[in-house]
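Colleague: next input, structure requested:
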Amino acid sequence: MVYDGVIGPGHVVPLPGTSVPDTFKYRAFFSYSPVDFGVARRVRGRLERFRVDRELVGCPTRLGPVPETLRPIFSDRHDFFGPSLGSATVAALAESAALIILASPHSVRSRYVTKQIKFFKLRHPGRPVIVLIVESVLDDPEQANPPSGFRFAVVPEWADPADALPPDLYESDGFELAIAKVIARLIGVGVRDLSPRSDAVRRRRRRICAAAAVAMAVAATAGGVFLWQSHHSKLAVAEFVALVERYSLASPTQAAAPGAKESFAEAITAIVEGAVTDERYADALGLLKAGKVAEAERPLKAAAEDKAMQAASVRRSAKAAAAAYRALASIAAISDPGRAREYYAKATRFDPSDVVGLFRNGWFQQEAGQFDVAEATYRRVITSDQASNSEWALWAHFGKGDIERERGHLDEALATYRQARTIAQSRAKADLANLGWQYDLAISNERIGDLLMALGDHGEALKSYRAQQEVLSRMASRDPDRVDRQSHPAVSDIEAGNVPAAQDRLAEVLASQQASLADIARLARANLADAGWQRDLAVSYERVGNLLLWQDHLTVALSSFSVSLAIVDRLARVDPGNAGWQHDLALTHVRIGDVLVQQHDLPEALKSYQASLAIAERLAKADPANDRWRHEMATTYGKVADLLAEQDRPQ
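Modeller: Numbering: from 1, shown residues only. You can find the predicted model right below:
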């Protein structure tokens, strides 16, 4: 793995200014909106097919020796997921010698493209950023060859990429000239030097090579201190990436909330930057490197409290205080969701306009059973202009619908889920190749199906489940090992008990859910390291078990619940601090206990209820302010008491 010129053990770190581009995995990272896929494919293909004239190859430039080819250029359509930068994207940005931005009206509006630019400029300020502007958009995003009437322009080297993003052309170029300008910027030569046609060009190339070699020799002697500092800056970047990967992989607890990895990466960025001027951030960074997460909270909390005091007297400091509390909350979420909830609430009070902070505050409040606060927060996300039609709005609709369902407001919940599906359909239609967005659509259909089942409308529920199954089937048949699944809010399920009076179409619903289970099992097998897929597989087994239970197929239902239990138990053992997985484990024990009661196996049913109760007690003790844990603990106590009374064994 290569990070900003720093490579693993057994390799040599090259001298800066000699062959830096050759130390990277990718010649460039190509950033564009998925709507512009057609023109992006043409641009990338032209760049990767370009062959540098052999007389120019090896010539030293400020970007390193001129390469023979520009391959490979990273441009993975499967990495366009929601508002977050996935781990593959973060790694690819770190491993790219340059950033190419295809600027269009769509990429201007793309938060994902903006995040890629900000991340690259922040972490790799010394690498080239090249902006290729396209004047108009394609009617058909899959079209390989854009119309010849398209106009292109490459932003001048002196322009700031952030300022250049609005698609106002500088001096319009033809396609080939624009490509030549991009290539010249990538390899550090002039556009005229790319042409092999004249002796004058060849002589100029030789002069450039000689002058560049002398200039770099001077830089190597006079700029020794600067190069030493640059080397240590690169080490800091490598440490940053290592920290993000370490805690994201080692603690699924922190990654349970949607967008958690992005939040954690931003928190580490803030800590690294703060460490330059603030000893408290430097202390926190050292503690995180040493694996002392709880201890790292103390200096971060002190810094956040100082910023909060400043915000009381200086209004513009409120956003800084909010950012400090969000960073603190993201670190606290690794080990203590209760404290994370407290810090996100404070961040929201300081900056109620930050959509990401708002959503995460709502999510943590919902997990704690604080439904009034969570629902009000979700409403603010949904009505925010910044979140309009985004994945944050989608997830906020899911959360709001779940709360309405929990309260028994089924008609309201159904309307909210349908609003979520409208957003999911729009996003999925915009990029059929984005499996993350397709999965959002499957989840929304699943939730609608569950609500319709609860309302007794099996026929309409079946339509939603079949729509879900169609999406899952497409996903499972196309690159199942490339689905970089984002965390989703807890997937709802069909609750056992209260068997509907009408048993019509239950067999068809069961068949549809069994087909979905097969597709999810295939996706989960292809993504064994992704705990999210394993959890979804467990939920799918539980859903099938509930449907079997509704039809009195007790033995088969028990088998399905037992498979779900084995999966969730394995997850919970990997990360005992994950309250969400512990909660899943407790509920599955209850499901199994319910089946055993109907089978009149009361001793085994009691064991299942007691196992669930032990987990519920631990959760309630660890987070006393969590109303949900207390309620579910009381419910399980009731089941245990009823069973003991039935067995004539006084409690």
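Colleague: buried set for stretch 329-345?
Modeller: 329-334, 336-345 (16 or more other C-beta atoms under 10 Å). (Each C-beta comes from the backbone N, C-alpha and C, glycine too.)
Colleague: so which of those residues are in helices?
Modeller: When the buried residues of stretch 329-345 are checked against helices using DSSP state H, the ones located there are 329-332, 337-345.
Colleague: pull the most distant pair out of those.
Modeller: Distance extremes for these: the farthest pair is I331 and A345 at 15.8 Å, using C-beta to C-beta.
Colleague: circling back: so which of the buried residues of stretch 329-345 is the closest to L549?
Modeller: So of the buried residues of stretch 329-345, ranked by how close each gets to L549 (C-beta to C-beta), first place is P337, at 31.1 Å.
Colleague: leaving aside the residues next to it on the chain, what's closest to that closest one?
Modeller: On the basis of C-beta to C-beta, 6 or more residues apart in numbering, the spatially nearest residue to P337 that is not a chain neighbour turns out to be A579, at 5.7 Å.
Colleague: coming back round to it: in TSV: the ones in helices among the buried residues of stretch 329-345, plus pLDDT and distance to A476.
Modeller: Formatted as TSV, the entries for these read as follows, by pLDDT from 0 to 100; distance: C-beta to C-beta, whole Å:
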residue	pLDDT	distance to A476
A329	90	36
S330	87	33
I331	87	36
A332	87	37
P337	77	33
G338	82	38
R339	86	39
A340	87	34
R341	88	36
E342	91	41
Y343	93	39
Y344	92	36
A345	92	40
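Colleague: of the buried residues of stretch 329-345, closest to F29?
Modeller: For these, the closest approach to F29 (C-beta to C-beta) belongs to S330, at 25.0 Å.
Colleague: wait, that closest one touches E266, no?
Modeller: Yes. S330 sits in contact with E266 when judged by C-beta atoms under 8 Å, with a separation of 7.4 Å.
Colleague: could you pull out the strands for the stretch 251-400 of the chain?
Modeller: For the stretch 251-400 of the chain, applying DSSP state E, counting those that start in this stretch gives no strands.
Colleague: could you list the low-pLDDT ranges of it?
Modeller: Scanning the stretch 251-400 of the chain for pLDDT under 70 picks out 251-257, 259-262, 314-316, 387.
Colleague: cool, and the stretch 51-200 of the chain?
Modeller: Residues of the stretch 51-200 of the chain meeting the criterion pLDDT under 70: 62, 76-85, 135-173, 192-193, 195-200.
Colleague: could you measure the nearest residue to Q386 once chain neighbours are set aside against V590, distance?
Modeller: Leaving out its chain neighbours, the residue that sits closest to Q386 by C-beta to C-beta, 6+ apart is V355, at 4.7 Å. From V355 over to V590 the distance is 36 Å, taken as C-beta to C-beta, to the nearest Å.
Colleague: still on that earlier bit, I'd assumed T383 was in contact with the residue nearest to Q386.
Modeller: No. In terms of C-beta under 8 Å, V355 does not count as a neighbour of T383; the distance is 10.6 Å.
Colleague: show me the helices in the stretch 351-500 of the chain, by range?
Modeller: Residue ranges of the helices in the stretch 351-500 of the chain, as given by DSSP state H, counting those that start in this stretch, are 355-367, 371-383, 391-406, 410-430, 435-454, 458-477.
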